[in-house]
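Chemist: predicted model and sequence follow; I will ask about them next.
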Amino acid sequence: MLTEQAHDALLALYTRASKTSDNYELERIERALDEIIRLNSTDPVPFQMRSALAHAGQLLRERRGLALFAPLDDIEPHREPGRCEVRFAVVDISMWLQMTSALTENQRQLMSRLISEEDVTVIAEDHGLVPARMRERVSRLRRIARTAYAAEVTAA
């Protein structure tokens, strides 16, 4: 059960939130509401509000320091904010494999199987080779593909 002081502080913050449309202030009030509910103090209402809003503001300032603001016009397309999606590189390499003339058809098929994360031992069985020999082929093929990719893609 909430204390009377905490209840009054919540009502005052809800009133304050209804009078603003600023996102920062709304988030600050929301965090202050959480703190007042969590503490459920018997301190005077103005003290609870000031304290909770101050703690919420401090937390938001620290968070802004972690995620710096940058105008979207200043960000290059390949450095857009957000989580780096690893599968984009796989799609890019898969498309390059289909178009390159640097690899033979057999090499292209082997690279496609490796990209699909198929196990080398399974591929070796399909080719009638021991896994160690297939690993050698894969190593050589990766070197050839890396050189061709660097020559074709990074030069463009």
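Modeler: Looks like it arrived, so ask away. Numbering: from 1, shown residues only.
Chemist: strands of the chain, start to end?
Modeler: Secondary structure of the chain (DSSP state E): no strands located.
Chemist: who does the helix or strand bottoming out on mean pLDDT in the chain touch, helix- and strand-wise?
Modeler: Ranked by mean pLDDT, DSSP states H and E, the weakest helix or strand in the chain is helix 87-99, scoring a mean of 80. Using 3 or more Cβ pairs under 8 Å, 6 or more residues apart in numbering; DSSP states H and E, the elements in contact with helix 87-99 are helix 105-115, helix 131-149. Every C-beta, even on glycine, is put in place using the N, C-alpha and C of the backbone.
Chemist: mind putting the ones you listed in CSV, mean neighbour count, mean pLDDT and distance to residue 7 included?
Modeler: Output for the helices and strands packed on helix 87-99, formatted as CSV (neighbours: other Cβ atoms under 10 Å; pLDDT from 0 to 100; distance: least, Cβ to Cβ, whole Å):
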stretch, mean neighbour count, mean pLDDT, distance to residue 7
helix 105-115, 15, 88, 60
helix 131-149, 14, 91, 65
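Chemist: now the ones you listed as a markdown table including distance to residue 23?
Modeler: Shown next, in a markdown table, are the helices and strands packed on helix 87-99 (distance: least, Cβ to Cβ, whole Å):
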| stretch | distance to residue 23 |
| --- | --- |
| helix 105-115 | 43 |
| helix 131-149 | 45 |
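Chemist: nearest to residue 74, out of those helices?
Modeler: helix 131-149 (30.0 Å; Cβ to Cβ).
Chemist: using CSV, write out the CA atom coordinates for that closest one.
Modeler: Output of helix 131-149 as CSV, limited to C-alpha atoms (Å, rounded to 0.1, in the frame of the first residue of the first chain):
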residue,chain,number,x,y,z
PRO,A,131,38.4,-34.4,-43.9
ALA,A,132,42.1,-33.3,-43.7
ARG,A,133,42.4,-33.2,-47.5
MET,A,134,39.1,-31.3,-47.8
ARG,A,135,40.3,-28.7,-45.3
GLU,A,136,43.4,-28.2,-47.4
ARG,A,137,41.2,-27.6,-50.5
VAL,A,138,39.0,-25.2,-48.5
SER,A,139,42.0,-23.3,-47.2
ARG,A,140,43.4,-22.9,-50.8
LEU,A,141,40.0,-21.9,-52.1
ARG,A,142,39.5,-19.3,-49.4
ARG,A,143,42.9,-17.8,-50.3
ILE,A,144,42.0,-17.7,-54.0
ALA,A,145,38.5,-16.2,-53.2
ARG,A,146,40.0,-13.6,-50.7
THR,A,147,42.4,-12.4,-53.4
ALA,A,148,39.8,-12.3,-56.1
TYR,A,149,37.3,-10.5,-53.8
